[in-house]
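Peer 1: Quick one: sequence plus predicted model below, questions after.
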Amino acid sequence: MFYLIYVSNATHPLADRELDAILEASRNGNERLQVTGLLLYKDASFMQLLEGEETTVRSLLEKITCDPRHYNVTTLQSGETESRQFPDWSMGFRRLDQIEDLVPGYREFEELRLIEAEFRNEPSLSLRLLRLFKDHV
């Protein structure tokens, strides 16, 4: 199973209705393409893990890179894994600037922006952050 994690900036802070539209389109398309994953949003930035067939995932990233709502799209990590990490989600979602109850383990990431150099310099941090929300979305 191929996976890819990227971060990007939104061209402007997105309202809930804009995020809802992105999620609906993503979930519909991903279900059809047999892609699963998780999208995090914070401070007008995204972090997303996509998993599925490699050419499909890379094609989706290209589409995201060309989307006028994104800029500075950066791949943090990609590779093969034995099985899906988010098998039940066509696209899980968490808005990190609206967390009421602290997710166990999140304090380490609480002050970091999703596009911080720490994630680029240590890509395994992004996978740890995404996995924190696996049981809390």
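Peer 2: Done, it's in. Numbers count the residues shown, from 1 in each chain.
Peer 1: The residue nearest the centre of the chain: what secondary structure?
Peer 2: By C-alpha atoms, centre = their mean, the chain has its centre lying nearest to residue 48, at 1.3 Å. Judged by DSSP: H, G, I helix; E, B strand; the rest coil, the three-state class of residue 48 is strand.
Peer 1: Can you list the low-confidence ranges for the chain?
Peer 2: Within the chain, the ranges that satisfy pLDDT under 70 run 99-102, 136-137.
Peer 1: quick one, helices of it?
Peer 2: 16-33, 54-66, 117-121, 124-132 (DSSP state H).
Peer 1: Now tabulate these in CSV and tack on distance to residue 2.
Peer 2: From N, CA and C alone the C-beta is placed, and that goes for glycine too. Below are these laid out as CSV (distance: least, C-beta to C-beta, whole Å):
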stretch, distance to residue 2
helix 16-33, 12
helix 54-66, 4
helix 117-121, 20
helix 124-132, 14
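Peer 1: Buried ones in stretch 24-40, by neighbour count?
Peer 2: Going by neighbour count (16 or more other C-beta atoms under 10 Å), the buried part of stretch 24-40 is 26, 27, 30, 33, 35, 36, 37, 38, 39, 40.
Peer 1: Now the two most distant members of the residues you listed.
Peer 2: Using C-beta to C-beta, the buried residues of stretch 24-40 span at most 20.6 Å, a distance reached by 33 and 40.
Peer 1: Need the contact partners of the longest strand seen in the chain.
Peer 2: If you go by DSSP state E, the chain has its longest strand at strand 70-80. Strand 70-80 has contacts (C-beta atoms under 8 Å, 6 or more residues apart in numbering) with 1-11, 46-47, 61, 64-65, 115, 119-120, 123-124, 126-127.
Peer 1: who's in contact with the nearest residue to residue 68 once chain neighbours are set aside?
Peer 2: Residue nearest to residue 68 in three dimensions, not counting chain neighbours: residue 11, with 6.8 Å by C-beta to C-beta, 6 or more residues apart in numbering. Each residue near residue 11 by C-beta under 8 Å, 6+ apart is listed here: 68, 69, 70, 71.
Peer 1: could I get those as a markdown table with neighbour count and distance to residue 107?
Peer 2: Converted to a markdown table, the contacts of residue 11 look like this (neighbours: other C-beta atoms under 10 Å; distance: C-beta to C-beta, whole Å):
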| residue | neighbour count | distance to residue 107 |
| --- | --- | --- |
| 68 | 6 | 35 |
| 69 | 14 | 30 |
| 70 | 18 | 28 |
| 71 | 11 | 29 |
